[in-house]
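Chemist: Structure for this input, please:
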Amino acid sequence: MKVMAILLSLLILTLSGAAEDAPTLTVIGEGKVIVPADTVFVSVSVTAEDENVTLTSIKNAESLNRTIEALIDAGLKRDDVLSGRGRSVQSIQTSSRVCNNSTCVMVANKAVSRVTDQVTIRFDAEDENLINRCLEAAKAEGAEAEISGYALGDDSEALAEARRKAVEDAEENAEDLASAAGFMLGMRLDIFEPSYPVVYQQSSGLDPLSLGMMEIFDFSWPDMFDPFDAGVSAEPGMLEVRSQVVVTYEVAS
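Modeler: Numbering: from 1, shown residues only. Sure, this is the predicted structure:
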């Protein structure tokens with residue numbers, strides 16, 4: 001990231017100096033802040049199998065409702081159960097190997113339907129005791145329950161800190177580049193944020209197959225210049241906020 005920012009800045013400095021009497025220097029700065037999440041999401045799901053998909057769906061919905069009521073009895077607020085449920089239906093066909101004295105054949109059994117219903121619940125990250133109680137209550141009802149994600153409900157302080165670090169990083173880059181080119185760094189003329197700061201739950205490598213053409217040439221994409229950036233700490237519940245800014249300075253010889 002830093003290397004590409006320097007190369008671009010030197011190019012911009014050369015072009016700006018050639019086009020105008022008073023040269024300017026434009027640099028890229030990046031700020032990163034790692035903060036604990038203040039919101040935890042838990043996924044609760046129940047699964048049932050039956051030959052009749054309609055009966056299986058009804059049975060599953062009732063089981064999930066009982067699980068939610070058990071969580072509320074454990075202290076969960078009903079409003080923290082997010083609206084909307086997920087459902088997946090699979091048809092499972094099994095077969096048996098039947099043999100007589102001379103031959104063996106595969107005989108198809110009746111197909112059964114496997115239905116999974118899922119709901120997501122929001123918790124305050126500081127309420128660890130409630131999270132643990134709800135996980136245990138869900139499992140006691142025969143449901144699967146696990147932490148499925150983290151978020152920042154109030155990201156204002158983290159965004160402000162990431163932006164401040166991005167501007168500081170840009171100024172450090174500008175001072176180094178101006179000195180290397182034989183200039184003195186002057187006043188800041190313009191500051192531009194190509195995209196809104198991004199909150200990352202975990203680091204992900206560069207996957208060209210998942211990118212569209214516009215994304216490939218979008219230089220505001222935080223990982224575009226450094227796909228091998230280590231990214232977020234692997235510690236659960238920690239989020240990384242990234243800000244990128246483009247700043248233009250006046251320079252003088």
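Chemist: Just say helix, strand or coil for G182.
Modeler: The three-state label given to G182 by DSSP: H, G, I helix; E, B strand; the rest coil is coil.
Chemist: Let me see the contact set for it.
Modeler: By CB atoms under 8 Å, 6 or more residues apart in numbering, the residues touching G182 are S253. For glycine as for every other residue, the C-beta is placed from the backbone atoms N, C-alpha and C.
Chemist: repeat for the one 4 residues further on
Modeler: Under the criterion of CB under 8 Å, 6+ apart, the contact partners of G186 comprise 249-252.
Chemist: ok, now S88?
Modeler: With CB under 8 Å, 6+ apart, S88 has these contacts: 115-116.
Chemist: And the strands in the stretch 1-150 of the chain?
Modeler: Counting by DSSP state E, counting those that start in this stretch, the stretch 1-150 of the chain has strands at residues 24-36, 39-50, 86-92, 95-99, 104-108, 112-124, 144-151.
Chemist: Which one of those strands lies nearest to M238?
Modeler: strand 24-36 (5.6 Å; CB to CB).
Chemist: picking up where we left off before, ok, which of the strands of the stretch 1-150 of the chain comes nearest V241?
Modeler: Closest among the strands of the stretch 1-150 of the chain, using CB to CB: strand 24-36, at 4.8 Å.
Chemist: what's the angle from that closest one to strand 144-151?
Modeler: Using axes from the mean of the first three to the mean of the last three CA atoms, to 10 degrees, the inter-axis angle of strand 24-36 relative to strand 144-151 is 150 degrees.
Chemist: pLDDT of strand 24-36, averaged?
Modeler: The average pLDDT for strand 24-36 rounds to 95.
Chemist: Domain-wise, how is the protein divided?
Modeler: The chain breaks down into these domains under automatic domain parsing: 2-37+154-252, 39-151.
Chemist: Among the contacts of G186, name the buried ones.
Modeler: 249-251 (16 or more other CB atoms under 10 Å).
Chemist: Could you list which of these belong to helices?
Modeler: Nothing among the buried ones among the contacts of G186 maps onto helices, per DSSP state H.
Chemist: Okay, buried residues for stretch 51-66 please.
Modeler: For stretch 51-66, by 16+ other CB under 10 Å, it's 53, 56-57, 59-61, 63-64.
Chemist: Among these, which one lies nearest to A140?
Modeler: S63 (12.6 Å).
Chemist: chain center to stretch 191-203, what's the gap?
Modeler: Taking the mean of its C-alpha atoms, stretch 191-203 sits 12 Å from the chain's own mean (CA atoms, centre = their mean, to the nearest Å).
Chemist: Looking at the chain, which strand is longest?
Modeler: Taking DSSP state E as the criterion, the chain has its longest strand at strand 238-252.
Chemist: Tell me how many other residues crowd the residue lying closest to F41 once chain neighbours are set aside.
Modeler: Closest residue to F41 apart from its sequence neighbours, by CB to CB, 6 or more residues apart in numbering: G149 at 4.3 Å. G149: 14 surrounding residues under other CB atoms under 10 Å.
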